[in-house]
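Asks: Okay, predicted coordinates and the sequence, questions at the end:
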Amino acid sequence: MLNIFTQLVSVFAVLLVTITPALGFGGAGSTANADPLKPVVTEEMKALTVPIRIAGTKKILQVPLFSEKYAQMPVAMVNEEPITLAEFTRELATVHSGMGDSETPASQNFSKLLERLIEIKLIKQEALNIGFDRMPAVQNQIEEFELKTLVQHLLAKQVRDLQVDKDAVEELYQQMAIEVNLSVYNFQQQADAEALIKELQNGGDFKLLADTLVAEGKGEKSGGDAEYVKLNDLLPNVAKAVFSMDIGAVSVIFKTEKGFIVFKLEDRRTYEDQQVRLTANNRVLQESSRKKQMDYLNDLIDKYATFDDEVMASLDFAKFLAEDPEATRTEVFSRLGNDQRALVTLINGNETTTITVAEVAGALQASLYHGGERIDASQLNKQKITYIKDKLTALTGRMEAEQQNIQNSVAYLEAVKKFKEQLLFDTFMAKAVLPGLVVSEEEVHKYYNNHLEDYSSPMMIKMSSLIFTNPQDAQEAVNKLQAGSDFKWVSANMTGLADKNDKNILALGDSLLTETALPKDLQKKVKGARQGDIFFYAGPDELYYTLVVESVFPPRTRVYEDVRQEVGKIVYGQKINAAFKEWVRKLKEVYETKIFIVQDKI
């Protein structure tokens, strides 16, 4: 009976985990990692330590951040609920993006992160006290996440050490890393291209025929000789045709922006490209993973489920319609809604679960939002199969995961815990913080007037420049120009000018530049500049500039009406943040908060 499910790809395919090569470069034959929801911890991050005061004592330990030994040590306490080092480091790994290159001190990074975790705990505690966790919508989202995460962790175990087939990678690479040598002829008139093809079909020589048309001024030639082009650089329809052609074959006519082309495939070869090889490796890896996971899910259905072929065959909407062409949706679903026969029975030890005709009918009816009373038998039969397959995947996946005790694993429990906290946080924001927040026109206008520079185009300036290798000559040029000397005369008669081909010369002259495109220290010099102003500028790489302002275009401010919506969103965001911070302040007065990370020792 299971073969009916091959007709459709299950919606539960979203459960399939994505795996990544274990090595930095996923070479053929490498193994794969599959651990959903687990952040990547770099070697740099593993070396980090943090000073933590042991709760209830004055003793301070310098603890490795990613140490299993200290994972459950509290770094803070919110109303007696601990924030553990493990929670802190997981969050750190998730948001980490080059902290080593950051100019922000580690103490500030840690403080902001810890404050964020404390805020989430505070909001969660208040949300629980209010009862947001008992809302049906919240409970449904939690149940769906729990099931999805349970099955994902189960699937991750099946592909954790999946080996990549090196032969399959090489075969795919040979198909992807192709470059070709083409003799291409472009014709302005389609009739000329068609004439070439016709003569070729009559036994003519392609090159001779095409070159003759070129000599007559009817076309142009490109490619050929030693010129190779990657298949990926061709137009998609051309690349598809070339991929299937034999060497020496001539293409059909292709219409392009420049006319009509016909080409001959002169040669084909494979090129070496590590990035393409990595892509091939990853595609084989993902396809192997997808197949193994799908096969495993089907095996679980075989393990736990028993189909009643007779009942399955009876739930056929095409048959219903054949028996009564005038039957309506209401009539059919009313009858099926009372049918408690089991389509599938699942047995897991002492647990027995069934999928009944009435359950499937109810789900199908709920999905029909429009279309009147007409029955689309084909569509309903497809939806029936999809629903049963998804239901079986969920039930059997849960049964097997629970048999393997995944529901009690640390990774699963932490994932669910984090999701619940985030969901309660979002619900609290939507139900407690956002209601009543209103932005007035006056507030938007005030923000706009106070931030006019943010809504103005930068000043634009055009300058002439002379570049010198020492500051004295540059200053002398400034003095001569300020005394009234002509710029061209100064340019022709000054000594110490830099080589025009010096790659370190800044392109400051003869182009219209925005103020923000100039070096920071030069921006200060030209601020408020006017036509005719002359500046000395000591640039980088021991180069010195004499600058003469030719023209200045002052900043232009965008009118209020054009940016009103944009500004309104900013003001609204500020109000949300202010309201949230006020809630946090009040909650800290209610729920005792203790911090054990010693900030002044970081």
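Replies: Here it is on my side, so go on.
Asks: residue ranges with poor pLDDT in the stretch 151-300 of the chain?
Replies: Scanning the stretch 151-300 of the chain for pLDDT under 70 picks out 224.
Asks: Show the residue spans covered by the strands in it.
Replies: For the stretch 151-300 of the chain, the strands defined by DSSP state E, counting those that start in this stretch cover 178-187, 219-223, 229-230, 254-256, 259-270.
Asks: and the third one, what does it pack onto?
Replies: Counting contacts by 3 or more Cβ pairs under 8 Å, 6 or more residues apart in numbering; DSSP states H and E, the secondary-structure elements packed against strand 229-230 are strand 178-187. Placement of C-beta: from N, CA and C, glycine included.
Asks: how about the strands in the stretch 301-450 of the chain?
Replies: For the stretch 301-450 of the chain, the strands defined by DSSP E, counting those that start in this stretch cover 305-307, 342-348, 351-356.
Asks: thinking again about what came up before, deepest of the strands of the stretch 151-300 of the chain, which one?
Replies: Ranked by mean neighbour count, the strands of the stretch 151-300 of the chain are led by strand 178-187 with a mean of 21 (mean count of other Cβ atoms under 10 Å).
Asks: still on that earlier bit, got CSV for the strands of the stretch 151-300 of the chain, with distance to residue 448 too?
Replies: Below are the strands of the stretch 151-300 of the chain laid out as CSV (distance: least, Cβ to Cβ, whole Å):
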stretch, distance to residue 448
strand 178-187, 55
strand 219-223, 55
strand 229-230, 51
strand 254-256, 49
strand 259-270, 53
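Asks: Out of those, the one nearest residue 167 is which?
Replies: strand 259-270 (15.5 Å; Cβ to Cβ).
Asks: Okay, angle between the closest one and strand 219-223 too, please.
Replies: 20 degrees (axes from the mean of the first three to the mean of the last three Cα atoms, to 10 degrees).
Asks: can you tell me the distance between the two ends of stretch 555-566?
Replies: By Cα to Cα, to the nearest Å, the extent of stretch 555-566 from end to end equals 20 Å.
Asks: in that stretch, what counts as buried?
Replies: residue 563 (16 or more other Cβ atoms under 10 Å).
Asks: sorry, back to before: can you add mean pLDDT and mean neighbour count and give the strands of the stretch 301-450 of the chain back as TSV?
Replies: Output for the strands of the stretch 301-450 of the chain, formatted as TSV (pLDDT from 0 to 100; neighbours: other Cβ atoms under 10 Å):
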stretch	mean pLDDT	mean neighbour count
strand 305-307	96	17
strand 342-348	96	18
strand 351-356	96	15
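Asks: Would you reformat these as CSV and include distance to residue 159?
Replies: Putting the strands of the stretch 301-450 of the chain into CSV (distance: least, Cβ to Cβ, whole Å) gives the following:
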stretch, distance to residue 159
strand 305-307, 23
strand 342-348, 24
strand 351-356, 27
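Asks: Minimum distance to residue 331: which of these has it?
Replies: strand 351-356 (19.4 Å).
Asks: That closest one pairs with which strands, parallel or anti?
Replies: Sheet pairing here is set by DSSP bridges, and for strand 351-356 it gives strand 342-348 (antiparallel).
Asks: Restrict the strand it pairs with to CA atoms and write it as CSV.
Replies: The C-alpha trace of strand 342-348 is given here as CSV (Å, rounded to 0.1, in the frame of the first residue of the first chain):
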residue,chain,number,x,y,z
ALA,A,342,-9.4,3.1,10.3
LEU,A,343,-7.4,3.7,7.1
VAL,A,344,-4.2,3.1,9.0
THR,A,345,-3.4,1.6,12.4
LEU,A,346,-0.2,2.4,14.2
ILE,A,347,1.1,0.2,17.0
ASN,A,348,3.9,1.2,19.4
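Asks: where exactly do the helices run in the stretch 451-600 of the chain?
Replies: 471-482, 487-493, 520-526, 560-590 (DSSP state H, counting those that start in this stretch).
Asks: what's the answer for the stretch 51-200 of the chain, then?
Replies: Under DSSP H, counting those that start in this stretch, the stretch 51-200 of the chain gives helices at 85-95, 106-130, 136-159, 166-176, 190-201.
Asks: Run the angle between the first one and helix 106-130 for me.
Replies: To tie it back to what came earlier, the one meant is helix 85-95. 110 degrees.
Asks: Check the spacing between residue 549 and residue 464 real quick.
Replies: Between residue 549 and residue 464 the distance is 8 Å, computed by Cβ to Cβ, to the nearest Å.
Asks: swap in residue 591?
Replies: 66 Å.
Asks: next one: residue 78
Replies: Applying Cβ to Cβ to residue 78 and residue 464 gives a distance of 64 Å.
Asks: Tell me which of the helices of the stretch 451-600 of the chain sits nearest to residue 437.
Replies: helix 560-590 (5.1 Å).
Asks: what's the neighbour count on residue 300?
Replies: Close neighbours of residue 300, defined as other Cβ atoms under 10 Å, add up to 21.
Asks: give the contact list for it.
Replies: With Cβ atoms under 8 Å, 6 or more residues apart in numbering as the criterion, the residues that contact residue 300 are 393, 396, 397, 399, 400.
Asks: can you pull up the bridge partners for the closest residue to residue 530 other than its chain neighbours?
Replies: Distances taken as Cβ to Cβ, 6 or more residues apart in numbering place residue 552 nearest to residue 530, at 6.2 Å, with adjacent residues excluded. For residue 552, the beta-bridge partners under DSSP bridges are residue 461.
Asks: I'd say residue 552 and residue 529 touch.
Replies: Yes: shown here, residue 552 and residue 529 form a contact pair, counting by Cβ atoms under 8 Å, at 5.8 Å.
Asks: Now do the shared contacts for those two.
Replies: With Cβ under 8 Å, 6+ apart as the test, residue 552 and residue 529 both reach residue 461.
Asks: Just want to know which of residue 78 and residue 464 has more residues nearby.
Replies: Using other Cβ under 10 Å as the criterion, residue 78 and residue 464 rank with residue 78 on top: 23 against 17.
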